[in-house]
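Trainee: sequence-free structure coming up:
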């Protein structure tokens, strides 16, 4: 499988994605726009509640090409954050109120300055989360010591595992991914990750393997814990259930499979004002590989930038960031459906 | 082409109250209570509903509970095993009546 960009798919263009999201189903089925729903819930314009997390996308390069990837990441993607931009992030963070730095990609570990960056962040006493796809740990001998590196720097590891069997996992993430993920999880467990009483946190992420909503998080967590322990002896801390957001490759999947209208209608009908009140973009800022600033990783992929006065990490201004109006679109329905969805799972 | 079954009609299920509101309200209230977490989990109830949907061969129910079981985190293997439970009971129900046939045949035969 290739990225949308490599295959010349029109949806590789963020402007076409936004137009597709705005025009088609909302016109045809007369569904309310997201802004109208926010307005009815007295939440428009959406404003920050205080920025405590900086999510940094250190590059789009990845060893996997997952069917649902909103980044359109893959081995062919060369966009990667330089050490210079990382230093600008550190300069912005040094005296900031931000307590958590969430590193994502692509596979963030493939950035040649990844380990240096983690070391600098922990020296600033920031809580560091790495969104590790698991298979990178076993993809190449140079990555085999990542669990030890994570342990040394007390990194919280958050890893996608869309199901507890090979069939569903491999259909979404590629052939052999489940088997390699199990190997990597065992290596993390061997370092103490996910064990009862351990301060080394290993959280897993579930996302539906198709055009449907996620299961309730707690029930699914019980099921994952039972099967992964009984069949593989694997332990972990929490399971985050995430709704697939209709952006990039997942949007392409929805359209090409004929599920787009039904999925969007379902998200709109499941709009929950309480979930809208707690969306993650109200407490985070997202940094792109080139240092540009966004409200979240999804807005980043849709190229929905901050105001030019403070749209780059080198111009970081906490006061302006906290006073901004958060940019929204029809994809935002994914974060406000049902029990809510964020990079940390349900928001209710 | 007109057909007796239209997938869009599933979304209109709630509209049965237009012709008889009181009974519809009672039914949907009862329905909601039945599928809530109880002595059985919502996940277990969804798999039972999927099996029964096949027994009563209701296309609306099969549509709704295929989606619901997936949303409850069930695997395809679990879903198909539930359908086999329904098939086994239907098949068994036919075959166990074979005893009745045998009894009658023996009564009538020398």
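Mentor: Here it is on my side, so go on. Keep in mind that this is a model prediction, so the values were computed, not measured.

Trainee: now chain A against chain B: closest residue?
Mentor: residue A:215 (3.7 Å; C-beta to the nearest C-beta). In this view, the C-beta of every residue, glycine as well, is placed from N, C-alpha and C.

Trainee: that residue and residue B:71 touch, don't they?
Mentor: Yes - the criterion here is C-beta atoms under 8 Å, and residue A:215 meets it with residue B:71 at 5.8 Å.

Trainee: more neighbours, these two?
Mentor: residue A:215 (24 against 19; other C-beta atoms under 10 Å in any protein chain shown).

Trainee: neighbours around the closest residue to that one other than its chain neighbours, how many?
Mentor: Once flanking residues are discounted, residue A:215 sits nearest to residue B:73: 3.7 Å by C-beta to C-beta, 6 or more residues apart in numbering or on different chains. For residue B:73, the neighbour count with other C-beta under 10 Å is 25.

Trainee: again with residue A:49
Mentor: Neighbours of residue A:49 (other C-beta under 10 Å): 13.

Trainee: show me the contacts for it.
Mentor: Applying C-beta atoms under 8 Å, 6 or more residues apart in numbering or on different chains to residue A:49 gives the contacts A:282-283.

Trainee: quick check, pLDDT for residue A:41.
Mentor: Looking at residue A:41, its pLDDT reads 96.

Trainee: now swap in the one 4 residues further on and tell me
Mentor: Model confidence at residue A:45, expressed as pLDDT, equals 96.

Trainee: how much space separates the residue nearest to it when sequence neighbours are not counted from residue A:35?
Mentor: In space, and not counting its chain neighbours, residue A:45 is closest to residue A:325: 4.2 Å by C-beta to C-beta, 6+ apart. Look at residue A:325 and residue A:35: by C-beta to C-beta, to the nearest Å, they are 11 Å apart.

Trainee: now do residue B:37
Mentor: Counting by C-beta to C-beta, the gap from residue B:37 to residue A:35 is 35 Å.

Trainee: more neighbours: the two, which one.
Mentor: Taking neighbours as other C-beta under 10 Å, residue B:37 and residue A:35 compare with residue A:35 leading, 16 against 12.

Trainee: who are the packing partners of the helix or strand hosting the more buried one?
Mentor: Per DSSP states H and E: residue A:35 is located in helix A:34-40. The contact analysis (3 or more C-beta pairs under 8 Å, 6 or more residues apart in numbering or on different chains; DSSP states H and E) places helix A:34-40 against helix A:333-336.

Trainee: name the residues that touch the helix it packs on?
Mentor: Identification of contacts with helix A:333-336 by C-beta under 8 Å, 6+ apart yields A:34, A:37, A:243-246, A:264, A:267-268, A:271-273, A:275-276, A:279-281, A:298, A:341-342, A:347.

Trainee: and if you look at stretch A:11-31?
Mentor: A:3-5, A:10, A:32-33, A:72, A:246-248, A:251-252, A:255, A:260-261, A:264-265, A:268, A:301-304, A:329-331.

Trainee: pLDDT wise, what is whatever residue of chain B ends up closest to chain A at?
Mentor: Nearest residue of chain B to chain A: residue B:73, at 3.7 Å (C-beta to the nearest C-beta). Per-residue confidence (pLDDT) for residue B:73: 94.

Trainee: isn't residue A:195 up against residue A:189?
Mentor: Yes - the pair residue A:195 / residue A:189 is scored as a contact, 6.9 Å apart, by C-beta under 8 Å.
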